[in-house]
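[1] What follows is a predicted structure for the sequence shown.
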Amino acid sequence: MSKLEYKVIVCDDDASLAESLAQRIVYASENLSDDNENYRQSKVELALVANSFEEVAGYLVANETTNALYFLDIELNKGIKTGVDLAEFVRSRDPNAQIIFVTAYDKYAPLTYRRRIGAIDYINKELPSAAFMQRLKETLQAAFDNLDLLSHVNHQYFSYKCGRHLQRVSASEIYYIENSTMQHKVHLVAANGDSEFKNNISKLDEENDFLLKVSQSCVINPDNVVSVDLAKRYVTFPNGDIVYFSRDKKKQIAALGEEQDQSR
């Protein structure tokens, strides 16, 4: 397994229980590392030990957090928002979040399924200490495995922020991204629709190897080009959209056309 440090966020409205759980998570992580050499390089970082929905939400808004582990009490009695509400908020900010509910009540599990939270485990607070620690260790192992797998496939996805929400689209579905008519925004066109978000073409070109910059105002996904017209200097996509390329890109586009001919 890769050398990775995973952020952990704990939330329980009982401050002493939250602190105790945080320390037990660290201890379980150390045990996992000692007992299994595959996890020797996997470490946890206690990013936040909180007691309310608002504390966690505020932290996530102020600190861009991805691929973290969240241990949440379902009943946050001091506020109107529950741990299930918090899990939904977490998922909107961190799509790969590994959510674990630590609760004294199994009755809430069906609710989380209905709301499609996607929790990876439910740990009962009333478990005997040894059983609780074993369950924690197994849950950490599952979370580490999930995140390690995601780290190997993330290159297949393109992520961007639309308002407060983090969106993710498969790179293979993207056709092109062009400057928007709105200042400081770009317009993404994909197989499943389009969207606008804050960014710029130069930055997109620098940060995404699967995109090809064809002009000062547009990057394309060459894999989704269905035809090339070198004379008129444009490429066509499966939805019929046409994107023009600049003269200095003609050589690259010609090579793209040759690759297409060879693959047919």
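    Yep, that arrived. Numbering: from 1, shown residues only.
[2] make it CA atoms for all contacts and neighbour counts henceforth
    Fine.
[3] Quick one: low-confidence residue ranges for the stretch 101-250 of the chain.
    By pLDDT under 70, the weakly predicted segments of the stretch 101-250 of the chain are 105-118, 151-156.
[4] Please report the number of neighbouring residues for Ala191.
    If you count neighbours by other Cα atoms under 10 Å, Ala191 ends up with 15.
[5] what's near enough to touch it?
    Residues counted as contacts of Ala191 (Cα atoms under 8 Å, 6 or more residues apart in numbering) are Glu173, Ile174, Tyr175, Asn239.
[6] Restricted to strands, list these.
    Among those, the residues falling in strands (DSSP state E) are Ile174, Tyr175.
[7] mind listing the strands for the stretch 151-264 of the chain?
    Counting by DSSP state E, counting those that start in this stretch, the stretch 151-264 of the chain has these strands, from start to end: 157-162, 165-170, 174-179, 185-190, 193-198, 212-215, 218-220, 227-229, 234-236, 242-244.
[8] Dump the contacts of Ala191 to a markdown table, plus neighbour count and distance to Lys198.
    Below are those laid out as a markdown table (neighbours: other Cα atoms under 10 Å; distance: Cα to Cα, whole Å):
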| residue | neighbour count | distance to Lys198 |
| --- | --- | --- |
| Glu173 | 18 | 20 |
| Ile174 | 24 | 17 |
| Tyr175 | 25 | 18 |
| Asn239 | 11 | 24 |
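[9] Looking at the contacts of Ala191, spot the one nearest Asn192.
    Within the contacts of Ala191, the smallest distance to Asn192 is 7.3 Å, found for Glu173 (Cα to Cα).
[10] shouldn't that closest one be in contact with Gly193?
    No. The criterion here is Cα atoms under 8 Å, and Glu173 misses it with Gly193 at 9.5 Å.
[11] Quickly list the domain ranges of the chain.
    4-155, 172-263 (automatic domain parsing).
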